[in-house]
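Chemist: Got a sequence here, can you model it:
(2 chains)
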Amino acid sequence: MHDASAHAHAAEQHGPPTTFIRKYIFSLDHKVIGKQYYDLGLAAAVIGMVLSWLMRLHLGWTNLAIPGLHFLSSNGAPGNIMTPEFYLQLMTMHATFMVFFVLTVAPFAAFGNFFLPIHVGAEDMPFPHFNMMSFWTTFVAFCVMVSAFFVNDGPPLAGWTSYAPLSAVGAVAGPGQGTGQVLWAVSLAIFCLGQLFGALNFIPNVLNLRCKGMSLWRMPMPTWAWFITSCMGLTAFSVLMPACILLILDHVAGTSFFVPSNLVINDQLQPHSGGSTLLWQHLFWFFGHPEVYIAIVPGMGIVTYVLVANMRKPMLSHRVLVYSMGALAVLSYMVYGHHMFVSGMNPVSSIAFSFPTLIITIPSTIIVLIWIGSLYGSRLRINAASLFALGFISLFITGGVSGFFLAQPSIQILLHATYFVVGHFHFTMAIAAIFGIFSGTYFWFPKMWGRMMNETLGKLHFWLSFIGVYCIFMPFHYLGLAGNVRRYQSFVADYMQPLVGVHQFITIAALFTGAVQLIFLFNFFYSRFWGEPAPANPWQATSLEWSIPSPPPFDNFAGRHVVVYHDPYQYGVESSTGDYVMQDSPEQVETAHDEP
Amino acid sequence: MATTVHEPPKIEEGQPRSRTTGSGDGGFRNLDPKDGTLRAVEDYAPAPSRTGIWVIIASIAMTFAGFTSALIVRQGASMDWRHLTLPRILYFNTLALLASGVTLEIARRRIAVFMSGSKNHDVKTLDENPSRWLYFTLFLGLIFVAGQYAAWLQLRSEGLFLATNPSSSFFYVLTVIHALHVLGGLIGLTYVMRKLNRVVLRRSTLDSFSYYWHFMGILWVYLLLLLWMKL
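Modeler: Below you'll find the predicted structure:
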């Protein structure tokens, strides 16, 4: 068989679905899978946000009875008052849901699944069955994680980093450290598998299924970001999975990978010997630091894309943006040790990890400067999507500046495990990434659901959220500098007492910002069913998804043989359609920029 | 920034697109069409499975790299590491797995020769049906897995269980996870054989499977050396 017939490949073929189950549940269509991922991410975000409210209420008013809390855990909240252990359990689950099921799922798996094949002119992912398995594997992981709330002692309390030996010795370490911790590790091992199935589709889709004329440099920026993220996910999740397997074995099989000898907990000598607690940290952070970029890089792609469409002109350099995102991906593997500066690491090793950590600020700064330089003098269209993109830049800069302090071991040792660190990573990988998700949602909603969102509500959602998140996370830096240690459930030490008022302010800000998200949820669900029908190209954008109806037909291009003639940055030109040229338009235009 | 005029590219139109032709004319080599001329339609991109298989191989390689680093760190973490004599049957298993790679390669080449020279792709008309070499591969693969099971039983009879010692822990973890990947490969092989029997096997599918299977062999040789040196 020669390769020409082999090319009859392309995507694993499948016809339009005919039954409800094949159309909406076990669908092979990348667009349905993308929406399923989005809804999963939204559900996880709501859970994660409610958990953070409960934590914040407890931090502000330690003995506050929260009505109904005992329904969540009778042991963890006797009389509706949160126990210290239950606080840690909520903290662990808040972070786990947010990092894995929101920040990884929404910007990468949800938007990527929906738009990557369309962006490159393909009809579907190359392996739709694996793609479907990717979502359902992730969904099973989500269910296993949720089930940790319903086992005897509840979910684990070891934090999303689950440091050994606390995470490896079992129920003796505290509530949730038995079955709850095993479920946590099982869930993440399954989650890793789901993400690897995703990478298996994303990478060949970009490399093998681009339509005619779609050179790599003509791919829209989010597709570049998803491609880079897939490569990171491929290597990072492949290492977290064995770590989780070893952790599970320490629990259920009595092995001693992570538990040291002579460990006594609650006067009980633990039946383990010789394990290395640092081994877990190495394996975890080899995954953990790239995970930060897995969360943020898709947001960078989305923000660039949204801003270009709203500035009506290209960025100063798209190639440099791609190179910088690639540099972030490569460097992210070389810096993971900066999470372990206080682990007894040799000072020379600290410097070895500190140096690339400082280096990584260079591509980050280049990206930010390109955004700001391109925005300078542009007549930006102000809408919800572009506002959230600007918000992303602001939050990323704020979080990035505090990262510069933490990259240096001498300062980091002082600030380690304080609220300064919590403020830093919430600004960068959490809130900035979520603003990227919001920006993408407002921009792509018409294409995904075929209806328009309400712009006024969108802008209101932005301004209130933007003010809210700064009120929440900016004071964290002050708390950290004042020596407030993270993961404490109350502040009984004398020097922390004056800081309780700051915590109460943050709690009020968190409740306010959380309530503001109801505006988004109303706008999202109302528009999804009753919004104004969307035209094919409401933003006058150039990439391929805007050349097809909203929502797109089953096979994306309705049998059309797509040919791409331009890069996606043809804005500010004079053409028959206005000030832009679609990528698949053969129209000859004069542009003010070279093809990237 | 220079002002440039984008000439419409010269395009050799292909057949109208349909669900059966799919997309994918972009390809690896269409990286930078500086002159605006697009590649001819004959210059197809490779099938996605040819990239997908490297994604899978990279993922498995990273997983075992993670296990290897864990083994090295754990061995140096304390003095409780006890030497473990590898069961001799592992060497026989190694031969079986390597031989299965040879039989697969014979099958792959014969199928390739046949497919390039035949139009009707009817393997049943061949004097020598190449699929029988795939049956040899399947058989040798099963022998390997059965042999690994025998090795686990032997260690068990010696009182070496998963939690007995970190060395035995790593032995079981590495060999079991590798055997699961081999079993996955055998399921893939039965898929290839079914496609071949229905005369719908793609060359790219066969090639991708063979890469996977050869990688399983290389990975096992690596693991055997690692276990031999470290345990």
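Chemist: Tell me where chain B has strands.
Modeler: Remark: strands assigned in chain B by DSSP state E are B:4-5.
Chemist: what residues are up against residue B:100?
Modeler: B:136, B:137, B:140, B:141, B:144, B:213, B:217 (C-beta atoms under 8 Å, 6 or more residues apart in numbering or on different chains). All C-beta atoms are positioned from the backbone trio N, CA, C, and that covers glycine.
Chemist: Quick check: the gap between the fourth one and chain A.
Modeler: According to C-beta to the nearest C-beta, to the nearest Å, residue B:141 and chain A sit 22 Å apart.
Chemist: Give the burial count for that residue, as a bare number.
Modeler: Counted with other C-beta atoms under 10 Å in any protein chain shown, the neighbours of residue B:141 add up to 23.
Chemist: Show me which residues of the stretch 51-200 of chain A are close to chain B?
Modeler: Taking C-beta under 8 Å from any C-beta of the partner chain as the contact definition, the stretch 51-200 of chain A meets chain B at A:120, A:121, A:122, A:123, A:126, A:127, A:196, A:199, A:200.
Chemist: Turn the residues you listed into CSV, including pLDDT.
Modeler: Below are these laid out as CSV (pLDDT from 0 to 100):
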residue, pLDDT
A:120, 94
A:121, 93
A:122, 92
A:123, 90
A:126, 93
A:127, 94
A:196, 96
A:199, 95
A:200, 96
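Chemist: Throw together a PyMOL command that grabs the buried residues out of these.
Modeler: Per 16 or more other C-beta atoms under 10 Å in any protein chain shown, the buried members of these correspond to this PyMOL selection:
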select buried, chain A and resi 120+121+122+123+126+127+196+199+200
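Chemist: of all the residues of the stretch 51-200 of chain A next to chain B, which two lie farthest apart?
Modeler: Using C-beta to C-beta, those span at most 25.3 Å, a distance reached by A:121 and A:196.
Chemist: quick one: low-confidence parts of chain B?
Modeler: B:1-45, B:116-128 (pLDDT under 70).
Chemist: Return the list of helices and strands in contact with the longest helix anywhere in it.
Modeler: Longest helix in chain B by number of residues (criterion: DSSP state H): helix B:166-197. Counting contacts by 3 or more C-beta pairs under 8 Å, 6 or more residues apart in numbering or on different chains; DSSP states H and E, helix B:166-197 packs against helix A:221-252, helix B:48-77, helix B:131-157, helix B:203-230.
Chemist: Determine the set of other helices and strands touching the last one.
Modeler: The contact analysis (3+ C-beta pairs under 8 Å, 6+ apart) places helix B:203-230 against helix A:3-6, helix B:48-77, helix B:89-117, helix B:166-197.
Chemist: rewinding a little: deepest-packed of the helices and strands packed on helix B:166-197, please.
Modeler: Most buried of the helices and strands packed on helix B:166-197, by mean neighbour count (mean count of other C-beta atoms under 10 Å in any protein chain shown): helix A:221-252, with a mean of 25.
Chemist: What strands line up against the very next helix or strand once past it, and which way round?
Modeler: Once helix A:221-252 ends, the next helix or strand along the chain (criterion: DSSP states H and E) is strand A:264-265. The pairing partners recorded for strand A:264-265 under DSSP bridges are strand A:268-269 (antiparallel).
Chemist: and the helices and strands packed on helix B:166-197 as JSON lines, adding distance to residue A:396?
Modeler: Below are the helices and strands packed on helix B:166-197 laid out as JSON lines (distance: least, C-beta to C-beta, whole Å):
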{"stretch": "helix A:221-252", "distance to residue A:396": "14"}
{"stretch": "helix B:48-77", "distance to residue A:396": "28"}
{"stretch": "helix B:131-157", "distance to residue A:396": "50"}
{"stretch": "helix B:203-230", "distance to residue A:396": "40"}
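Chemist: what helix or strand is residue A:413 on?
Modeler: According to DSSP H and E, residue A:413 maps onto helix A:409-415.
Chemist: got the buried residues for that helix?
Modeler: For helix A:409-415, burial by neighbour count (16+ other C-beta under 10 Å) applies to A:409, A:412, A:415.
Chemist: need the contact list for the second one.
Modeler: When you say that, I think you mean residue A:412. So, once contact is read as C-beta under 8 Å, 6+ apart, residue A:412 ends up touching A:338, A:341, A:342, A:405, A:406.
Chemist: what are the phi and psi values for the most centrally placed residue in chain A?
Modeler: Relative to the mean C-alpha position of chain A, the nearest C-alpha, by C-alpha atoms, centre = their mean, is the one of residue A:103, at 1.9 Å. Note on residue A:103: backbone dihedrals following degrees, to the nearest 10 are phi -70, psi -30.
Chemist: If you count neighbours, what's buried in the longest helix of chain B?
Modeler: In helix B:166-197, counting by 16+ other C-beta under 10 Å, buried: B:166-175, B:177-179, B:181-182, B:185-186, B:189, B:192-193, B:196.
Chemist: Nearest to residue B:90, out of the helices and strands packed on helix B:166-197?
Modeler: Checking the helices and strands packed on helix B:166-197 against residue B:90 by C-beta to C-beta gives helix B:131-157 as the closest, at 5.5 Å.
Chemist: Please enumerate residues in contact with stretch A:259-269?
Modeler: A:164-165, A:168-169, A:172-173, A:250, A:270, A:272-277, B:77-78, B:80.
Chemist: which among those residues end up buried?
Modeler: Buried subset of the contacts of stretch A:259-269 (neighbour count, 16+ other C-beta under 10 Å): A:164-165, A:168-169, A:173, A:250, A:270, A:272-277, B:77.
Chemist: Quick one: low-confidence residue ranges for the stretch 451-596 of chain A.
Modeler: A:592-596.
Chemist: Now it against chain B: closest residue?
Modeler: Residue nearest to chain B within the stretch 451-596 of chain A (C-beta to the nearest C-beta): residue A:561, separated by 3.7 Å.
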